[in-house]
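Asks: Need a 3D model of the sequence below.
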Amino acid sequence: MTKRLLGLVWTLLALLAWRSQPAQAAPVTLGIDVLMTERLAELKGKRLGLVVHAAAVDGDLVPTVDRLRGAAGVTVTQLWAPEHGLEGALPNGQSGPSGKDARTAIPVEGLFGGRIGPSPETMARVDVVLFDLQDIGSRTYTYASTLGEVMEACAKAKKPLWVLDRPNPIGGVLFEGPIRKPRWQSLIGWGPVPVSHGLTFGELARFYKQELKLKTDLVVVEMKGWKRGMVWDDTGLLWVPPSPGIPHPLNAYLYVATGMVGGSGPNVNEGGGNSMPFELIGAPFVDPHKLFVELQKDPLPGLRFRPMTFRPWRGQFGGKIVHGVQLYVTDPHQLRPLRTAVAILAALRKTHPAELRVEDETRFHRTWGDEDVWPAIEAGKGWRELEKTWEKELAAFGEKRSKVLIYPL
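Replies: Sure, this is the predicted structure:
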């Protein structure tokens, strides 16, 4: 047998051996899987309403609605869709029309646009509400507001709410930014939490119940195997986009870092209208090399930059040449997303003081939940000065937060 043929045989044998190995189980078991294997009997005979979207799948990518539709002893009688709709394909601010879901023929009501919480008519169709949305760890991502509104609707209708827990993709240790002040409550700041909260939705629901004195009959179906220090890459789970702008875990890691810049109203783009949402920051007036050099002066953890020119095809600066930087996450465990956002704003202000503008300061304050951030940026302050102003309120939040935590470090 020639050496070449022998090598081919060994390659084929190795391939067959690899193919015969059983798939490695993910270290994290989702709440939906725990429900189906251990707790479904508690729902026997109940009519179920589901708050779900495309990312509501089990560990094998089977949709939650299909797992429960096929289960003996329960009936799915109502669906509710958050922002971006049941399929996760709609643009910002839309959840789709109410009616019947075309695939399952189950009644569906949108929870974004015309109304925010479930209507009394739809709540009358169910005995128990199950909430299963994949979040990305920021209070400005509206699923955190949907959770609060659903909790209030369940309390009013006296219907139990079961939260099928999922990982916080940016981890459960870090929380950053100002606590949302009461005057800035909105759909991007529903609860009194900082910009990133470091909680799962099961824990966030417990926090809402505790801090806002909600009378919701709350049950959290806990995950197995998730630890606070995990980011998405550690979970072993496959990623399903929860919205069009978060196609990959990378975009979830960077959502706060650039979204709190471009999304809060300054005349800069965070990658919207581009194939790299939240991975970019720039504007037609930016000198990319000057911005890059400024950001390099005080390196940020878990992150690198490079100068970049791009052209969004729609939205802000659609069809225009935009200059700025691309962000690379080198270590998501070390990344400080909100610190990064402040550093970018401060660098833009320093390098382009005449060009950087916020036309609608109310929008900026509402997004940040605090009216002191933009004046501080205008005054030339950086992330160190701003983080000091949040130390006391974050310490107080940390004390409250510690009472609702479920998962270990």
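Asks: going forward, measure contacts and count neighbours with C-alpha atoms only.
Replies: Noted.
Asks: From what I see, Val193 and Phe397 are in contact.
Replies: Yes: counting by Cα atoms under 8 Å, Phe397 is a contact partner of Val193 at 7.4 Å.
Asks: so Arg304, which of the three states?
Replies: Look at Arg304: counting by DSSP: H, G, I helix; E, B strand; the rest coil, its state is strand.
Asks: Contact partners for it?
Replies: By Cα atoms under 8 Å, 6 or more residues apart in numbering, the residues touching Arg304 are 327-330.
Asks: Pull up the gap between it and Ser275, please.
Replies: To Ser275, Arg304 is 19 Å away according to Cα to Cα, to the nearest Å.
Asks: If any of the contacts of Arg304 are buried, put those into a PyMOL selection.
Replies: In PyMOL syntax, the buried subset of the contacts of Arg304 is picked out as below (16 or more other Cα atoms under 10 Å):
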select buried, resi 327+328+329
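Asks: Quick check: the two most widely separated of the contacts of Arg304?
Replies: Leu327 and Thr330 (9.5 Å; Cα to Cα).
Asks: on that earlier part again, between Val193 and Phe397, which is the more surrounded one?
Replies: Neighbour totals were compared for Val193 and Phe397, and Val193 leads with 26 against 17 (other Cα atoms under 10 Å).
Asks: Tell me which residues touch that one, please.
Replies: For Val193, the contact set (Cα under 8 Å, 6+ apart) comprises 139, 178-180, 397.
Asks: let's see it at 7 Å
Replies: Counting by Cα atoms under 7 Å, 6 or more residues apart in numbering, Val193 touches 179-180.
Asks: before we move on, what SS does it have?
Replies: Under three-state DSSP, Val193 comes out as coil.
Asks: quick one, strands of the chain?
Replies: For the chain, the strands defined by DSSP state E occupy 47-52, 75-81, 99-100, 107-110, 128-132, 161-164, 218-221, 280-283, 303-310, 322-329.
Asks: Redo those strands as TSV? Include distance to Gly88 and mean pLDDT.
Replies: TSV is the format used below for these (distance: least, Cα to Cα, whole Å; pLDDT from 0 to 100):
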stretch	distance to Gly88	mean pLDDT
strand 47-52	10	98
strand 75-81	9	97
strand 99-100	17	90
strand 107-110	12	95
strand 128-132	13	98
strand 161-164	18	99
strand 218-221	23	98
strand 280-283	22	98
strand 303-310	26	97
strand 322-329	25	98
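Asks: So which of the ones you listed is the most surrounded?
Replies: Of the strands of the chain, the one with the most neighbours on average (mean count of other Cα atoms under 10 Å) is strand 280-283, at a mean of 28.
Asks: what about dumping the CA coordinates of that strand to CSV?
Replies: In CSV, the C-alpha atoms belonging to strand 280-283 read as follows (Å, rounded to 0.1, in the frame of the first residue of the first chain):
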residue,chain,number,x,y,z
LEU,A,280,-19.0,50.2,14.0
ILE,A,281,-19.2,53.8,15.0
GLY,A,282,-18.7,56.8,12.7
ALA,A,283,-20.1,59.8,10.8
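Asks: Would you mind pulling up the elements that that strand packs against?
Replies: For strand 280-283, the packing partners by 3 or more Cα pairs under 7 Å, 6 or more residues apart in numbering; DSSP states H and E come out as strand 322-329.
Asks: and the strand it packs on, how far from the chain's centre?
Replies: 21 Å (Cα atoms, centre = their mean, to the nearest Å).
Asks: and if you look at stretch 34-47?
Replies: Distance, stretch centre to chain centre, for stretch 34-47: 27 Å (Cα atoms, centre = their mean).
Asks: Kindly report the same for stretch 275-287.
Replies: Here the centre of stretch 275-287 is set off from its chain's centre by 21 Å, with Cα atoms, centre = their mean.
Asks: Could you tell me the end-to-end distance of that stretch?
Replies: End-to-end span of stretch 275-287 (Cα to Cα): 22 Å.
Asks: Stretch 82-101 now?
Replies: Its start and end residues considered, stretch 82-101 measures 14 Å (Cα to Cα).
Asks: how deep is Ala54 tucked in, by neighbour count?
Replies: Applying other Cα under 10 Å, we find 22 residues neighbouring Ala54.
Asks: list the contacts for it?
Replies: The contact partners of Ala54, by Cα under 7 Å, 6+ apart, come to 86-88, 242.
Asks: Neighbour-wise, which one of those residues leads?
Replies: The most crowded member of the contacts of Ala54, judged by other Cα under 10 Å, is Pro242 (26 neighbours).
Asks: wait, Gly49 sits on Asp132?
Replies: No: between Gly49 and Asp132 there is no contact under Cα atoms under 7 Å: 10.8 Å.
Asks: can you put the contacts of Ala54 in TSV and add distance to Trp368?
Replies: What follows is the contacts of Ala54, written out as TSV (distance: Cα to Cα, whole Å):
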residue	distance to Trp368
Leu86	28
Glu87	29
Gly88	25
Pro242	22
